[in-house]
Every structure is written in structure tokens, then in C-alpha cells.
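J.: My questions concern the predicted model and sequence given below.
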Amino acid sequence: MQAFTFKGDSLYCEDVKCTDIAEKYGTPVYVYSHGSFTRSFSELQKSFSSVPNLVCYSVKTCSNLSILKMIHDIGGGFDIVSIGELRRVFAATGDVSKCVFAGVGKREYELTEALEKGIYSFTVESEQELEMLNKCAKKLDKKASFALRINPDVDPKTHKYISTGKKENKFGIDMKLAFELYKKSCDMEFLLAEGIHMHIGSQITTIDPYVEAVKKMSKLISDLKNANVPIEYFDIGGGFGIIYNDEKPIGSDDIIKELIPLLKDTGLKILLEPGRSIAGNSGILLTKVVYIKNNSVKNFAIVDAGMNDLLRPSLYEAYHKILSITGGAGQKGSENYDVVGPICESGDYLALDRSLPVLQQGDILSVMSAGAYGFSMSSNYNSRTRVPEVMIKGNQTYLIREKENFDDLIKGEKIVKF
Ligand SMILES: *Cc1c(COP(=O)(O)O)cnc(C)c1O
């Protein structure tokens, strides 16, 4: 079952017509499919079912409280990268016992609060952070479980902004140094070396970089075992790609055939940190054509969603399919458009030179595959209020985030007389 399908001319999210959602909540609006979230989660979990596993959803991908609660209720843990994300998980579920905490710049108060709340493990990214974690744990007289994030120096063949496991990236620790640090940690009283971690990039569409990285990691894992460092889990990160346009993502078969045997050999519990592969195709952004404007070289469709609502095209030159979902789109012929937002930046676009059915003022467009790094990257730039989020389950529509208002926009600001 697909989350977003056409019935005749009309796009549906599950059993609800998207133009009805646009009418009820206004545009722009993010729309998510409940079934798609839970299905993508379960399918990934199933591919790894022959090894002991824990799937930790990457909170930064799409972090609405209702979504976190839903993931928790189907057995998911969470990959968090800030204390704000930890507080989100706590607010949504009251349970942070399956959280792993990554990020290169965790501050002392963040480490301390996460220890106090009792997260599962820290993903440590430097020697100084390891020392800081030991210090925080000592103050609380608690043991801190950690994994070192290893930079396995593989090329995930993805956009340079979303590759994270090459030597020139800021993430993780070199293999050689990692071994020394693990040994050193055995003498640090308040630390427990419980895992090993990698996360090599995002939107990865072949299994090869994972295989290459896991092989490198396996060598380190066996060295650690021989040195009596008692690690129990191997966190292979996230990064699984999805179809935005015509990509061929990694299939369950590839995972089972190529990756699982290597993972089994480690004898460790496997953690996963998927984000995009769960959320990406579970959400869309609906936007309305405000004006059409033509000049001698181009047609512009000026829409009410801008780069502050969906940053990926501007930031990564990312491709999102765009569908015109106002009735009868098929019969009008087509034109090429730059689909641009209202923000005062030339880089504010959703698509360039895109062939679309001839558009009119007032048409509703659906920007597809917008569930991951969509709302969560949105901002108030140009003093625009952030848009509402709606969850569809069957024929039910739930508003899971209200549209911001002007008071939200200026909250905390003061008018000082100088
Ligand atoms: C962002 C992130 C993820 C999720 O990546 P996806 O490509 O969305 O699956 C997982 N782990 C870490 C440490 C991350 O920073």
C-alpha cells in the first residue's frame, strides 16, 4: 500500500483527499501518513530480524511529539543529537531508556542531564568528550555507557554535504586512535565501553559502502575483543536512501544477503539509526500557486512555501517531485517552470526548470518525499510563521502541530529603549 496515491485526478493521503486538507488547514501544510511511518519502520526492522537489534529513529529527521510517541509505541528507540531532542523524547514518551546520544559538540550540561535521565548510551566523538563524560558521571556517581563513533573513512557516494564517514568530515574518531581510547577508557572508573558506532552518510543507495565500512569495523571489533574490551553492541547508524526521483534504494535482499552475515559474525547486538528511510516518503508539503509570472526566458510559479519551510532544494540542490493536484491537471498540456517561494533570496526555490501541467493561480501543488528534513529544518526566516503539521490515519485527520502565529514569532523579544 502506498501512502500517497491518486484516485482519478485527486491525490489522497491514505483515505483523505489532499486538496481537502489544504482547504481545511490552509497552505503551506505538512501532511504525514501514519501507516507509512509504521510500515517503513517495521520493514527495516524485519530486514534485521535475524540479529538481535534495536531500531533507534533519528529524531532530527522529523521530530513532532506525536511521531516520537508513535515510534515509541511500536518498540523504537531514538537517536538524539541535542538535549532539546532528549527533552522531546521525554515529553512524548516519558521513557529515554532506549536513547543513544550522538553529536560532536555535546556540552557538559547536556551530558549531565542525559545521564540523570538515564539514557541507554552516549556516542562519543572525541577524546576530550570521553574525559568530559567521565567527569560528569563521576559527579553523579553513575556509570556512563558509551560507544565511540568511528570514522571508517569510506566514501558513501552521496552529496558532499551529507557524507559523514570520510577522513575530511568532522565526525567520529580514526580507527587507530579509537583502539587506544577504548583501552584507556577501561581505566576510567565511571565509563563503560558498551558499544561501537558508525554513521557514514545519508541518502546512500548502494550496500557497498556499508559492506566496506562494516568490514573495517569488524577488524576493530575483534581487536577489541582480544584486548578484553567488553563491547556488546554495534551501531551501524542510518543513511538508507529513498526514492526521490528515480533512485534505486537498498533493498531488503541486499541487506539480508550482504550485510547480515557480516553483522552476525560480530556476535554483537545491532543498533540502527534510520531517519530518512522512515520519514522521507511518509510526508508531503502542500503549497498553493500564488502568482504565475513569465519573462522572455522563464516561467515562474510563485508558491506560498519557501526555503524557510523546505530548505533541502536550496541547501543540497535536492530534487523533490512536484505534482499539481488541482483537478484536470492532465488535460492542460505542460510547461517548464521554476517553482519559487516568496523569500527574498535567489536561492529560494523548490524546483528549477521543471515540466509541470500548465499552472494557474490558486492551483495546489504537492511537494513529494518531504517528510525527512522538511519541517525539522524549517525556520522563521523573513519573519514567516512555521506551518502546521497534520497526520492522517485511515480516514482520520489529526492536527499534530498548530500553525504558528505572530506571538510565537516574537516570543522572548524585548523592545528596549536605548
Ligand atoms: C542524521 C543522523 C542519522 C539519520 O540519518 P538518515 O540518513 O536520515 O537515516 C543517524 N545517525 C546519526 C548520528 C545522525 O546524525
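T.: That came through fine. Note that the structure is a prediction, hence the values are computed from the model and not measured.

J.: From residue 11, how far out is whichever residue of the stretch 101-250 of the chain sits closest to the ligand?
T.: As assessed by CB to the nearest ligand atom, the ligand sits closest to residue 238 within the stretch 101-250 of the chain, at 2.6 Å. C-beta coordinates here come from the backbone N, C-alpha and C atoms, glycine included. Using CB to CB, to the nearest Å, residue 238 is found at 28 Å from residue 11.

J.: what sits up against stretch 61-76?
T.: For stretch 61-76, the surrounding residues in contact (CB atoms under 8 Å, 6 or more residues apart in numbering) are 32, 34, 37-38, 41-42, 45, 55-57, 59, 78, 85, 88-89, 91-93, 95, 98, 275-276, 278-280, 282-283, 371-376, 389, 391, 398, 400-401.

J.: near the ligand at all, it?
T.: Yes - under the criterion of CB under 6 Å from any ligand atom, the ligand is reached by stretch 61-76 at residue 61.

J.: which residues are there in the protein that come within reach of the ligand?
T.: 58, 60-61, 79, 81, 102, 199, 202, 237-240, 273-277, 372.

J.: Return the subset of these lying in helices.
T.: 276, 277 (DSSP state H).

J.: Is there a quick ChimeraX command that grabs whichever of the residues of the chain next to the ligand are buried?
T.: This is how ChimeraX selects the buried members of those, with burial counted by 16 or more other CB atoms under 10 Å:
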select :58,60,61,79,81,102,199,202,237,238,239,240,273,274,275,276,277,372
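
J.: List the ones among the residues of the chain next to the ligand that fall in strands.
T.: 58, 79 (DSSP state E).

J.: what residues are up against the residue of the stretch 101-250 of the chain closest to the ligand?
T.: Residue 238 neighbours (CB under 8 Å, 6+ apart): 58, 79, 199, 202, 272, 273, 274, 275, 276, 277.

J.: Wait, the last one touches residue 41, no?
T.: No - between residue 277 and residue 41 there is no contact under CB atoms under 8 Å: 9.1 Å.

J.: Can you name the residues in contact with stretch 398-407?
T.: Contacts for stretch 398-407 (CB under 8 Å, 6+ apart): 25-26, 32, 64-67, 375, 380, 385-392.

J.: Also stretch 85-94?
T.: Contact partners of stretch 85-94, identified using CB under 8 Å, 6+ apart, comprise 59-60, 63, 65-66, 68-69, 72, 78, 80, 95-96, 99, 101, 110, 113-114, 117, 119.

J.: Narrow these to those that are buried.
T.: 59-60, 63, 66, 68, 72, 78, 80, 96, 99, 101, 110, 113-114, 117, 119.

J.: host element of the residue lying closest to residue 223 once chain neighbours are set aside?
T.: Excluding its sequence neighbours, the residue lying closest to residue 223 (CB to CB, 6 or more residues apart in numbering) is residue 179, at 5.9 Å. Taking DSSP states H and E as the definition, one finds residue 179 inside helix 175-185.

J.: Can you list the buried residues in that helix?
T.: Residues 175, 178, 179, 181, 182, 185 are the ones in helix 175-185 that count as buried (16+ other CB under 10 Å).

J.: Follow the chain on from that helix and name the next helix or strand.
T.: Downstream of helix 175-185 (by DSSP H and E), the next one is strand 191-197.

J.: If you count contacts, what does that next one end up packed against?
T.: Applying 3 or more CB pairs under 8 Å, 6 or more residues apart in numbering; DSSP states H and E, one finds that strand 191-197 contacts strand 121-124, helix 127-140, strand 144-149, helix 175-185, helix 208-226, strand 233-235.

J.: Tell me if I'm right that residue 332 and residue 363 touch.
T.: No - contact criterion CB under 8 Å: residue 332 and residue 363 do not qualify, at 10.0 Å.

J.: Which one's more surrounded, the two?
T.: residue 363 (20 against 13; other CB atoms under 10 Å).

J.: ok, the closest residue to the ligand within the stretch 301-418 of the chain to residue 32 distance?
T.: Of all residues in the stretch 301-418 of the chain, residue 372 sits closest to the ligand, at 5.9 Å by CB to the nearest ligand atom. Distance, residue 372 to residue 32, by CB to CB: 11 Å.

J.: What of residue 298?
T.: Residue 298 is 33 Å from residue 32, by CB to CB.

J.: for residue 48, same thing?
T.: Taking CB to CB, one finds residue 48 at 24 Å from residue 32.

J.: Between those two, which is the more surrounded one?
T.: More crowded of residue 48 and residue 32, by other CB under 10 Å: residue 32, with 30 against 21.

J.: May I have the helix or strand harbouring the more buried one exported as PDB, CA atoms only?
T.: Assigned by DSSP H and E, residue 32 falls within strand 29-33. As requested, the backbone C-alpha atoms of strand 29-33 are provided in PDB (Å, rounded to 0.1, in the frame of the first residue of the first chain):
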ATOM      1  CA  VAL A  29       1.000  22.400   5.300                       C
ATOM      2  CA  TYR A  30       3.000  19.300   6.000                       C
ATOM      3  CA  VAL A  31       0.900  16.100   5.700                       C
ATOM      4  CA  TYR A  32       2.100  12.700   7.100                       C
ATOM      5  CA  SER A  33       0.800   9.200   6.700                       C
END
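
J.: Next SSE downstream of that strand?
T.: Criterion used, DSSP H and E; the element after strand 29-33 is helix 34-47.

J.: Show me what that following helix is packed against.
T.: Using 3+ CB pairs under 8 Å, 6+ apart, helix 34-47 sits against strand 53-58, helix 65-73, helix 252-254, helix 276-279, strand 389-393.

J.: Go again with 10 Å.
T.: Here helix 34-47 touches strand 10-13, strand 53-58, helix 65-73, helix 252-254, strand 269-272, helix 276-279, strand 389-393, going by 3 or more CB pairs under 10 Å, 6 or more residues apart in numbering; DSSP states H and E.

J.: ok, and which of these has the densest surroundings?
T.: Among those, ranked by average contacts under mean count of other CB atoms under 10 Å, first place goes to helix 276-279 (a mean of 28).
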